[in-house]
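S.K.: Build me a structure from this.
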Amino acid sequence: MSQVQIRPADPGDAPLLADLLDRAFGPYADLPGLPDMAEDLDRDIARGRALVADRDGARAGLAVLACHGATAHLMVLAVDPARGGHGIGSALVAACETRATAAGCRRMDLATHAGMPDALRFYTRRGWRVIERTGLKTILSKPLGPLSTADGGA
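M.R.: You can find the predicted model right below:
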């Protein structure tokens, strides 16, 4: 297999990325309170917030990152279920951390659903810490900068 290539998404990626989101989040479609992950995809691509992971000539993953002042928000992370377990999600998170740090962010936050325990494990193994639990939502945070690479998760 080839290496993962991370690049900004372009408008031509939107249909394939919407399909990827459907496949990645389809098993969770019945979870209460889970938003439609593809709802703002076109807008996020147009604003330069979306990153694509390409592997073996296919769209293998997607991340959406928004920076607000000193805090970055990882809005979406999705990996093609057929390509999971090969470092694609980790590569996307690392690219988001690099992008957020370059934008002057000092920390990165995200929210995950209580019905997605694998997601919680994925992030905590990469140095994220739970900072709040509210209903079905778990909010995690990770400091950015020189200390963020010390945990070996990037």
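
S.K.: only C-alpha atoms for contact and neighbour calcs from this point on.
M.R.: OK.

S.K.: how about stretch 55-66: buried residues?
M.R.: For stretch 55-66, a neighbour-count test (16 or more other C-alpha atoms under 10 Å) marks Arg55, Arg59, Ala60, Gly61, Leu62, Ala63, Val64, Leu65, Ala66 as buried.

S.K.: Can you tell me, leaving aside adjacent residues, what's nearest to the fifth one?
M.R.: What it means is Leu62. Computed as C-alpha to C-alpha, 6 or more residues apart in numbering, the closest residue to Leu62 that is not its neighbour in sequence is Val52, at 4.7 Å.

S.K.: Now do the contacts for the closest residue to Arg55 other than its chain neighbours.
M.R.: Distances taken as C-alpha to C-alpha, 6+ apart place Val4 nearest to Arg55, at 5.0 Å, with adjacent residues excluded. If you count contacts by C-alpha atoms under 8 Å, 6 or more residues apart in numbering, Val4 has them with Ala53, Asp54, Arg55, Ile88, Ala91.

S.K.: Give me the buried entries from those residues.
M.R.: Buried among these (16+ other C-alpha under 10 Å): Ala53, Asp54, Arg55, Ile88, Ala91.

S.K.: Mind putting those residues into CSV with secondary structure?
M.R.: As requested, the buried ones among the contacts of Val4 are exported to CSV (DSSP: H, G, I helix; E, B strand; the rest coil):
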residue, secondary structure
Ala53, strand
Asp54, strand
Arg55, strand
Ile88, helix
Ala91, helix
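
S.K.: Go through those residues and say which is closest to Cys105.
M.R.: Using C-alpha to C-alpha, Ala91 comes nearest to Cys105 of those, at 18.8 Å.

S.K.: List the contacts of the most centrally placed residue in the chain.
M.R.: Centroid-nearest residue in the chain: Leu77, 2.5 Å away (criterion: C-alpha atoms, centre = their mean). Going by C-alpha under 8 Å, 6+ apart, Leu77 touches Gly61, Leu62, Ala63, Val64, Gly89, Leu92, Val93.

S.K.: mind redoing it with 10 Å?
M.R.: Residues in contact with Leu77 (C-alpha atoms under 10 Å, 6 or more residues apart in numbering) are 21, 24, 37, 50-51, 61-65, 89-90, 92-93, 110, 119.
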